[in-house]
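**Student:** Model the structure of this input:
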Amino acid sequence: ADLQQISLDLDRTFPGMVFFSEAGPYQSDLREVLWAYARERPKVGYVQGMSHIAALLLLHLPPKRAFALLVHTLDRHHFPAFFLMDMAPGGRDAA
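**Tutor:** Residues are numbered from 1 along each chain as shown. Model prediction:
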């Protein structure tokens, strides 16, 4: 489910920026960073909106550093609780 949602969200992430378009230089890096996060934190997985955070990091950092900062950022500042909240009805997988 995470990989499918990531694939759907890639083209929605800053659609006006060619960097993240299908032919753009950062789309595959964005996919890899998001997939790595979903594997690293399976309890959270991928949640819609994470792609924008990861994309901003990739504009300034190489993919491995962007991934490390994404993990660090989302593990702090109440993000885990926010991303684990169920959305009614059907829970977080309903979106």
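**Student:** Now do the buried residues in the helix ranked longest in the chain.
**Tutor:** Ranked by residue count under DSSP state H, the longest helix found in the chain is helix 27-40. Neighbour counts using 16 or more other Cβ atoms under 10 Å place 27, 29, 30, 31, 32, 33, 34, 35, 36, 37, 38 of helix 27-40 among the buried residues. C-beta here means a position set from N, CA and C on the backbone, and glycine is covered the same way.
**Student:** how about the nearest residue to residue 59 once chain neighbours are set aside, what does it touch?
**Tutor:** Spatial nearest neighbour of residue 59, chain neighbours left out: residue 19 (7.1 Å); criterion: Cβ to Cβ, 6 or more residues apart in numbering. For residue 19, the contact set (Cβ atoms under 8 Å, 6 or more residues apart in numbering) comprises 25, 26, 27, 55, 59.
**Student:** and residue 19, helix, strand or coil?
**Tutor:** helix (DSSP: H, G, I helix; E, B strand; the rest coil).
**Student:** What separation do you get for it and residue 27?
**Tutor:** Per Cβ to Cβ, to the nearest Å, residue 19 is found 8 Å from residue 27.
**Student:** Quick check, residue 74 in contact with residue 53.
**Tutor:** Yes - Residue 74 is within contact range of residue 53, at 7.5 Å (criterion: Cβ atoms under 8 Å).
**Student:** so how far is the helix or strand hosting residue 68 off the chain centroid?
**Tutor:** Residue 68 belongs to helix 63-74 when elements are defined using DSSP states H and E. Computed by Cα atoms, centre = their mean, to the nearest Å, the chain-centroid distance of helix 63-74 equals 10 Å.
**Student:** Please name every helix or strand in contact with it.
**Tutor:** On a contact count with 3 or more Cβ pairs under 8 Å, 6 or more residues apart in numbering; DSSP states H and E, helix 63-74 meets helix 27-40, helix 50-58, helix 79-84.
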